[in-house]
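Trainee: Sequence and predicted structure, then a few things I'm wondering about:
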Protein chains: 2
Amino acid sequence: MNDVPKPAFDLERFLPYLLNQAAEAASRGFQDIYRDRHAMTRTQWRVMANLGKFGAMTARDICAISHIEKTQVSRAVAHLQSTGMLLRSPSAQDRRAEILSLTDTGLAAFADLGQRAVDYDRAFRASLGSKAATELDAVLQAIIAMRTDAAAGDDV
Amino acid sequence: MNDVPKPAFDLERFLPYLLNQAAEAASRGFQDIYRDRHAMTRTQWRVMANLGKFGAMTARDICAISHIEKTQVSRAVAHLQSTGMLLRSPSAQDRRAEILSLTDTGLAAFADLGQRAVDYDRAFRASLGSKAATELDAVLQAIIAMRTDAAAGDDV
DNA sequence: GAATTATAGTTACATATGCAACTAAATAAA
DNA sequence: TTTATTTAGTTGCATATGTAACTATAATTC
């Protein structure tokens, strides 16, 4: 009666699932590095990476740049401060805000992890093949851009 | 003195980060669906998806197929049972194990979500372009296979 | 400039997660 | 058999996360 094939759902072909599995696989190895060497979580590492790259800024700026939620940033900052990697100093313009920066210890950790991240990424891309890696970059950017579109306005 | 360029680390070009951002973006929309329509978490949805696709099996089988940790499977199963979507029955061969299956309610939820997942995936691929989507499949499979290789032996 | 509204950041609570320790049953070894 | 070792699954604990509520300050409106 009904010849139209009804496509069965298959988790193994569901892109959100595949993306999650791949992301987890890709992250796992590097996660071991920042966890074992500097006792950091992923959010802490990301906050550090942004401060390391862009220099001192407020928590709000980190939220805008990284898309990490302010609660997570707040806790990551508190932890990085407690381990002596981050310094808070009052903002002259806004007494609610604080300027966040990496201490010498934090900068050293960032230098260490930054270099390892570059190595890790290079090896990762090599194992995929440079052409595939380049294509992957483009598609991932497109996917991430969808998110940005949907939530239009929350970006810088 | 030193002409060799030392590549600076840039989070925005770090594949594990990009994969995570993309995975989160891709998952977000569908997450809303299973959460709002059936009050389920991602792990519960995945357990259901495997039972829906492969039929009744033990928690151990689900772990092997899905790579979800046994703790998470245990808790997801308990929750699905408590909401009447899943049935446990003793295994004849092994009194430690239980055969898990979806109830009519569970099957109905799976039918609903499975169809919506197919639609979601189709729309997602369409917005990427079918060629890019196909390439993406291949690369993601390759990345996931790395994980499998590294943890060689934990698979079926 | 007083009252309202918006913003920076923190805290509380409820839930989710990973890991290790545990229970019970099955298998292997002795 | 009796003992030792695996295995299926659960639970406890410590930590992580999301959402909403909260505090303090800034900006806006009247």
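Mentor: Yep, it's here. Numbers count the residues shown, from 1 in each chain, chains lettered A, B, ... in the order given.
Trainee: where's the residue positioned nearest the centre of chain A, which helix or strand?
Mentor: The centroid of chain A falls nearest to residue A:46 when counting by Cα atoms, centre = their mean (4.9 Å). Using DSSP states H and E, the element containing residue A:46 is helix A:42-54.
Trainee: what's the spacing between that helix and its chain's center?
Mentor: On the basis of Cα atoms, centre = their mean, to the nearest Å, the separation between the geometric centre of helix A:42-54 and that of its chain is 8 Å.
Trainee: Say whether DNA strand C is contacted by that helix.
Mentor: No: applying Cβ under 7 Å from any atom of the strand, one finds helix A:42-54 separated from DNA strand C by no less than 10.8 Å. To be clear about C-beta, it is placed using only N, CA and C from the backbone, and glycine gets the same treatment.
Trainee: any idea which helix or strand comes after that helix?
Mentor: Next along the chain from helix A:42-54, counting by DSSP H and E, comes helix A:59-66.
Trainee: What is the helix or strand just after that following helix packed up against?
Mentor: Following helix A:59-66 in sequence order, the next helix or strand is helix A:70-82 (DSSP H and E). Contact here means 3 or more Cβ pairs under 8 Å, 6 or more residues apart in numbering or on different chains; DSSP states H and E; on that basis helix A:70-82 packs against helix A:42-54, helix A:59-66, strand A:86-90.
Trainee: Find the closest residue to DNA strand D in chain A.
Mentor: residue A:95 (3.2 Å; Cβ to the nearest atom of the strand).
Trainee: show me what contacts residue A:124?
Mentor: By Cβ atoms under 8 Å, 6 or more residues apart in numbering or on different chains, the residues touching residue A:124 are A:26, A:133, B:15, B:16.
Trainee: most surrounded residue in those residues?
Mentor: residue A:26 (27 neighbours; other Cβ atoms under 10 Å in any protein chain shown).
Trainee: Would you confirm that that residue contacts residue B:16?
Mentor: Yes: between residue A:26 and residue B:16 there is a contact under Cβ atoms under 8 Å: 4.2 Å.
Trainee: Count the residues that sit near the nearest residue to residue A:63 once chain neighbours are set aside.
Mentor: In space, and not counting its chain neighbours, residue A:63 is closest to residue A:70: 5.1 Å by Cβ to Cβ, 6 or more residues apart in numbering or on different chains. Neighbour count of residue A:70, defined by other Cβ under 10 Å: 12.
Trainee: And for the one 5 residues further on?
Mentor: Summarising burial for residue A:75: neighbours were counted as other Cβ under 10 Å, giving 15.
Trainee: picking up where we left off before, ok, residues contacting the helix holding residue A:46?
Mentor: Under the criterion Cβ under 8 Å, 6+ apart, residues A:27, A:31, A:34, A:40, A:57, A:61-62, A:65-66, A:68, A:72-73, A:75-77, A:79-80, A:85-86, A:100-102, A:106-107, A:109-110, A:113-114, A:117, B:8-11, B:17 lie in contact with helix A:42-54.
Trainee: what angle sits between it and helix A:70-82?
Mentor: Helix A:42-54 and helix A:70-82 are oriented at 80 degrees to each other (axes from the mean of the first three to the mean of the last three Cα atoms, to 10 degrees).
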